[in-house]
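**Q** fold the following for me, if possible:
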Amino acid sequence: MRRLRSIEHGPRGGDEINLIEKGKNYGWPLVSQGKEYWGPISVGEEKMPGMQAAKKVYTPSIAPGGLTLYQGKAFPKWQGSLFSGAMKLKHLNRVEIDENGHITTEERLLESLEQRIRAVITGPDGYLYFSSDNGKIYRLRPKNTG
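**A** Below is the predicted model:
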């Protein structure tokens, strides 16, 4: 079953991944786990009745860039993982999702690049492609390929 997900760049802290469902309310700007940029004041309530809770909240903020569901064949262990860029923390972010749609683990990849990773997609070859602020397009492929 396919599910629609979004990634939001929240205020200071409070970036989030949501599972989007018809007719649901995700709360912005009333619900947020972020703080004002100018001080330690909450932007909104963490929870409210009738509002959908995020599936993943990033505190501190990763400043997400793009989101893709991996369904390629090049990385079988990553099948069904969500990938996003992280502009603030400068890595490629991977989260695993269980059969109920809950996020179970997070992995931060390519931190050694020290690049603000923006858009990320899965190519038709099953490799991951992403861009960064240096103007380059990167291709991530398994080590055993040429």
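**Q** now stretch 74-87 - C-alpha only, PDB.
**A** C-alpha atoms of stretch 74-87 as PDB (Å, rounded to 0.1, in the frame of the first residue of the first chain):
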ATOM      1  CA  ALA A  74      20.700  -1.300  -5.800                       C
ATOM      2  CA  PHE A  75      20.300  -1.100  -2.000                       C
ATOM      3  CA  PRO A  76      18.100  -4.000  -1.000                       C
ATOM      4  CA  LYS A  77      18.500  -3.300   2.800                       C
ATOM      5  CA  TRP A  78      17.200   0.300   2.200                       C
ATOM      6  CA  GLN A  79      14.000  -0.800   0.500                       C
ATOM      7  CA  GLY A  80      11.100   1.300   1.900                       C
ATOM      8  CA  SER A  81      13.400   3.800   3.700                       C
ATOM      9  CA  LEU A  82      12.800   7.500   3.400                       C
ATOM     10  CA  PHE A  83      15.700   9.700   2.400                       C
ATOM     11  CA  SER A  84      16.000  13.500   2.900                       C
ATOM     12  CA  GLY A  85      18.700  16.000   2.600                       C
ATOM     13  CA  ALA A  86      19.900  17.800   5.800                       C
ATOM     14  CA  MET A  87      21.000  21.300   5.000                       C
END
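**Q** residue ranges with poor pLDDT in this protein?
**A** Residue ranges of the chain with pLDDT under 70: 1, 145-146.
**Q** switch the cut-off to 50
**A** For the chain, no stretch is flagged by pLDDT under 50.
**Q** can you give me the strands for it?
**A** Using DSSP state E, the strands of the chain run over residues 4-8, 15-20, 56-58, 64-69, 82-86, 91-97, 103-109, 117-122, 128-132, 137-140.
**Q** could those strands be laid out in a markdown table, adding distance to residue 41?
**A** For the C-beta atoms, the positions are set from N, CA and C on the backbone; glycine is no exception. Listed next are the strands of the chain as a markdown table, based on distance: least, C-beta to C-beta, whole Å:
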| stretch | distance to residue 41 |
| --- | --- |
| strand 4-8 | 19 |
| strand 15-20 | 18 |
| strand 56-58 | 18 |
| strand 64-69 | 23 |
| strand 82-86 | 25 |
| strand 91-97 | 27 |
| strand 103-109 | 27 |
| strand 117-122 | 29 |
| strand 128-132 | 33 |
| strand 137-140 | 38 |
